[in-house]
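Asks: starting from these lines, generate the structure:
(one chain, ligands or ions: 1)
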Amino acid sequence: MTRRQAIQAGLAFSATALATPRAARASLAALPEARAVAAGPSLHRRREKLDLGWRFHLGDADDAAADFGLGRNQESFAKATGAVRAGRANFDDSQWNEIELPHDWAVDLPFIEDPELVAHGSKPLGRKYPATSIGWYRRVFQLPAEDGGQRLRLDFDGVFRHAMVFFNNAFLGESFSGYAPFGFDLTDLANPGGENVLVVRADATLGEGWFYEGAGIYRHVWITRTPPLHFEHDGVAVRSELRGRAARVTVAATVMNESDAPAPVRLSVAIGDTRVRSPQGEIAAWSTAELTAVAEIPNPERWSPEHPHLYQANCSLEGPIGGDAVAIPFGIRSLRFDPDQGFFLNDQRVELQGTCNHQDHAGVGAALPDRLQSYRIERLQAMGSNAYRTSHNPPTPELLDACDRLGMLVMDETRMMASTPEGLSQLERLIRRDRNHPSVILWSLGNEEPLQGTEAGGRIIASMKRLANRLDPTRPVTLAMNGGWGRGASLAVDVQGFNYGNGGGSAQTAPHIDDFHRRFPRQPSFGSETASAVSTRGIYATDKTRGYVSAYDVNFPSYALNAEGWWKIFARRKFLAGGFAWTGFDYRGEPSPYGWPCISSHFGILDTCGFAKDSFYYYQAWWTGKPVLHLFPHWNWAGREGQPIEVWCHTNLEEVELLLNGRSLGTQRVEPQGHLQWQVPYAPGVLEARGGGLSARRETTGPAAALALIPDRTTLRADGEDLSVVAVEVRDAAGRLVPTASNLVRFSLDGPGRIVGVGNGDPSSHEPDHALQRSAFNGLAMALVQSRRSGGTIRITAAADGIRGATATIMAS
Ligand code: GAL
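Replies: A predicted model of the protein is given here:
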């Protein structure tokens, strides 16, 4: 096929008038110079992060004076401008803290023992805590004079929670959800060539979940300038369809003409060397139109977890009044769910080896620097996971960027199962934003909703699905259901999600799942949420007082299962497309099975820092092809000499021999998806597992003698955002990790970097995240080191009383 033959193009118009007053439209249409005003070489799209230079102050939900005057009388919104004092240009914010986004003010609040705060990770947010539940943000900035002829737009990736936004002291609007993106047109109110004041009041009094949700502007904020003829925000959909050895890529763009003259226009799309242009059409003044161009890519590289190849569609608008342009990364791949065989990517069966995750991390709460998103995905991939569920809400877009780049399949979830205007609007914003990400394979319309098994639930899901199909006909929809299977919403979804459904903890039986499959043999299904096993890293005896659960894979709530239990069910049922374990990482809040002093969950396969618990190796054994031999617990049991210690091995080798101080304790064969177990009378020394030419050793260590620092990356971009996750190990004189060490580690830093948070994965630690010190928890701690905007050598030093310190060097350029 020649390239010429390979190129097809089309153009469709469905013009819609924009909401501009009729009179304005008429008078502007009469101005012949409008076209000239809109034209010009300086008009092009520019998208900038608005993360720097903010000031922050807590407000007060119960006290108007402490809430910067908001609501001091009835007239708060009597006029379109002037509702808030902080919105005035001359407002004195010198007493407000200087902060950068992303920002989660809950991280700096104290931990408080109050059963009502358990979900919040014991941070004082809610009706009882009005003085710590409101946050005010203020940003003063110049807009260049050239912005005059442009359209200006402000976008928030997510603010927790109810946000009121004021710009140049006018009320711009508000956002209900703490997770859905939202934005506003700034053009009419902007002051190009002068000062502009942006104010956000975020109200975290009410929550949307039962887990830690953070507080404030915890994701990025963007300003986008476009020419008056421009692509609508999130208005370009790039869809690919594999046809034999070629891919057909359809680019469908909603284009807005926000000028006073009709705009002749073509959509031009370049993908590598392939270029397609639509025929020329015309969009009336203040109207939108749909433009479509179709390209054929011969022998495309297909996107997959093993080969996450990304293409870029460079889309531009060509016409006499000047062109907007956007570059959209996308992937070429096919997907389908099959009722008998599970999930297929590019016509190959792929088992979803997934985890559900919330979005907070040690050190930073919900305000993750972008690099941490990649770090978390890399950690999950290291245990063989290929799928990620954004439970229970829209993720930040940088998470999906990381999943696209690194090859992680995503079940993308909206927060509100509702066909109300708010529910549909949240879903629409999610799908329009995320539909070009090849990693996204499934839209999840909700989780464990009371209406799931009812007729009303069925109608709601049907309405949501209609919207999802209209915005993105390429992906199926699901609902994470923990009951009502076969009724209500179940009848409306494309793929049936099972949350648990294993009949109450008896391993290898899955009565609900099997029964559903018998009754609905044409319905594809998968485990939308499984496991909920609980464990604390490095703990081998459950200790309720301290809030620790043993890390043997034996603890789980009655509705749930351990790692081995659920994976045996799923690995042995080919009709299931795999599943998503609850959870990849520990998260703040929901410290089940305990309350205080616990402030974070035990569900993670990794702790809040990303340190592996022992179950990590169970998954690694059965989710990767590489030989795994992991022996636990540690071998420091002074005082328990002669007493039996339970010894486990997570391995995928055929058989394993266990030895204590060189003496064989026997060889055991490994059952598929199983583990090995021994009772070993304790004697200090060396416990060793041998198999397949591998050896795993646990040695009784000496006391803590030194620290070691292990940065996950030693070169950073000097952009003020890049980050290294620096692990701290407490070691003995022979260099072995001391698995029970809890030394207080003090950090200092030299050079163009900063420590933005510390952690240790201890679910009961009440030490602050924003600090220059942290106790080790079972031998480990962590510091997050971020670059600044200048290059150089960053030297991070860790010290602890009575033992040798350590220094690590990170280059920023
Ligand atoms: C599920 C729920 C999750 C989490 C989990 C704990 O029912 O969907 O959000 O609460 O239980 O086991």
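
Asks: by mean pLDDT, point me to the weakest helix or strand of this structure.
Replies: For the chain, counting by mean pLDDT, DSSP states H and E, helix 22-29 ranks last in confidence among helices and strands (a mean of 27).

Asks: ends of stretch 779-792, what's the gap?
Replies: 31 Å (Cα to Cα, to the nearest Å).

Asks: residues of that stretch that come out buried?
Replies: 779-788, 791-792 (16 or more other Cβ atoms under 10 Å). Glycine gets a C-beta too; all of them are placed from N, C-alpha and C.

Asks: can you put the residues you listed in JSON lines and add distance to the ligand, secondary structure and pLDDT?
Replies: Below are the buried residues of stretch 779-792 laid out as JSON lines (distance: Cβ to the nearest ligand atom, whole Å; DSSP: H, G, I helix; E, B strand; the rest coil; pLDDT from 0 to 100):
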{"residue": "Gly779", "distance to the ligand": "28", "secondary structure": "coil", "pLDDT": "98"}
{"residue": "Leu780", "distance to the ligand": "25", "secondary structure": "strand", "pLDDT": "99"}
{"residue": "Ala781", "distance to the ligand": "27", "secondary structure": "strand", "pLDDT": "99"}
{"residue": "Met782", "distance to the ligand": "25", "secondary structure": "strand", "pLDDT": "98"}
{"residue": "Ala783", "distance to the ligand": "29", "secondary structure": "strand", "pLDDT": "98"}
{"residue": "Leu784", "distance to the ligand": "26", "secondary structure": "strand", "pLDDT": "98"}
{"residue": "Val785", "distance to the ligand": "32", "secondary structure": "strand", "pLDDT": "98"}
{"residue": "Gln786", "distance to the ligand": "30", "secondary structure": "strand", "pLDDT": "98"}
{"residue": "Ser787", "distance to the ligand": "35", "secondary structure": "strand", "pLDDT": "98"}
{"residue": "Arg788", "distance to the ligand": "37", "secondary structure": "coil", "pLDDT": "98"}
{"residue": "Gly791", "distance to the ligand": "43", "secondary structure": "coil", "pLDDT": "98"}
{"residue": "Gly792", "distance to the ligand": "44", "secondary structure": "strand", "pLDDT": "98"}
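
Asks: wait, Gly173 sits on Val165?
Replies: Yes: using Cβ atoms under 8 Å, Gly173 is in contact with Val165, at 6.0 Å.

Asks: select the longest strand from the protein.
Replies: Using DSSP state E, we find that the single longest strand of the chain is strand 229-243.

Asks: can you list the strands that that strand pairs with?
Replies: Strand 229-243 has its sheet partners listed here by DSSP bridges as strand 246-257 (antiparallel).

Asks: the next helix or strand after the partner strand packs against which elements?
Replies: Using DSSP states H and E, the helix or strand that follows strand 246-257 towards the C-terminus is strand 263-271. Applying 3 or more Cβ pairs under 8 Å, 6 or more residues apart in numbering; DSSP states H and E, we find strand 263-271 packed against strand 246-257, strand 274-277, strand 281-283, strand 287-298, strand 311-318.

Asks: what number of residues lie near the residue nearest to Ala204 when sequence neighbours are not counted?
Replies: Counting by Cβ to Cβ, 6 or more residues apart in numbering, Ala204 lies nearest to Ala215, which is 3.8 Å off, once chain neighbours are set aside. A count of nearby residues for Ala215, using other Cβ atoms under 10 Å, gives 33.

Asks: ok, now Arg518?
Replies: By other Cβ under 10 Å, the residues close to Arg518 number 8.

Asks: tell me, how many residues neighbour Gln381?
Replies: 17.

Asks: again, but for the one 5 residues further on
Replies: The number of residues packed near Asn386 is 20, by other Cβ under 10 Å.

Asks: got it, and Gly625?
Replies: Residues near Gly625, counting by other Cβ under 10 Å: 7.

Asks: repeat for Ile297
Replies: By other Cβ under 10 Å, neighbour count at Ile297 equals 19.

Asks: beta partners of it?
Replies: As for beta bridges, Ile297 partners with Ala247 under DSSP bridges.

Asks: touching stretch 702-715 from outside, list them.
Replies: With Cβ atoms under 8 Å, 6 or more residues apart in numbering as the test, stretch 702-715 has contacts from 375, 723-736, 738, 741, 743, 745, 785, 796, 798-800, 803-813.

Asks: state the distance from Ile710 to Ser742.
Replies: For Ile710, the distance to Ser742 (Cβ to Cβ, to the nearest Å) stands at 19 Å.

Asks: which one is the residue of the stretch 651-800 of the chain found nearest the ligand nearest to, not counting chain neighbours?
Replies: The nearest approach of the stretch 651-800 of the chain to the ligand comes at Pro763, 14.3 Å away (Cβ to the nearest ligand atom). Spatial nearest neighbour of Pro763, chain neighbours left out: Ser600 (4.5 Å); criterion: Cβ to Cβ, 6+ apart.

Asks: and that neighbour, backbone torsions?
Replies: phi -130, psi 170 (degrees, to the nearest 10).

Asks: number of residues surrounding it?
Replies: 28.

Asks: so what's it bridging to?
Replies: Beta-bridge partners, per DSSP bridges, of Ser600: Arg588.

Asks: list the contacts for it?
Replies: 121, 212, 586-589, 591, 608, 763.

Asks: coming back round to it: which SS class is the residue of the stretch 651-800 of the chain closest to the ligand?
Replies: Classification of Pro763 by DSSP: H, G, I helix; E, B strand; the rest coil places it in coil.

Asks: I figured it hits Pro591, correct?
Replies: Yes: when contacts are counted by Cβ under 8 Å, Pro763 is listed as touching Pro591 (6.1 Å).

Asks: so where's the stretch 301-450 of the chain uncertain?
Replies: Within the stretch 301-450 of the chain, no range satisfies pLDDT under 70.

Asks: 80 - rerun?
Replies: Within the stretch 301-450 of the chain, the ranges that satisfy pLDDT under 80 run 320-323.

Asks: cool, the stretch 501-650 of the chain as well?
Replies: In the stretch 501-650 of the chain (pLDDT under 80), the answer is 501-509.

Asks: show me what from it comes close to the ligand.
Replies: Taking Cβ under 6 Å from any ligand atom as the contact definition, the stretch 501-650 of the chain meets the ligand at 529, 532, 557, 560, 582, 590.

Asks: ok, the residues you listed vs the ligand, which is closest?
Replies: Using Cβ to the nearest ligand atom, those come closest to the ligand at Ser532, 3.6 Å.

Asks: number of nearby residues for the closest one?
Replies: 23.

Asks: for Arg139, same thing?
Replies: Arg139 has 21 nearby residues by other Cβ under 10 Å.

Asks: so who does it touch?
Replies: Residues near Arg139 by Cβ under 8 Å, 6+ apart: 50, 53-55, 197-199.

Asks: tell me the SS of it?
Replies: Strictly by three-state DSSP, Arg139 counts as strand.

Asks: got the residues of the protein near the ligand?
Replies: Neighbours of the ligand within the chain, by Cβ under 6 Å from any ligand atom: 447-448, 482, 499, 529, 532, 557, 560, 582, 590.

Asks: 8 Å instead, please
Replies: 209-211, 356, 391-392, 447-448, 480, 482, 499-500, 529, 532, 557, 559-560, 582-583, 590, 592, 601, 603 (Cβ under 8 Å from any ligand atom).
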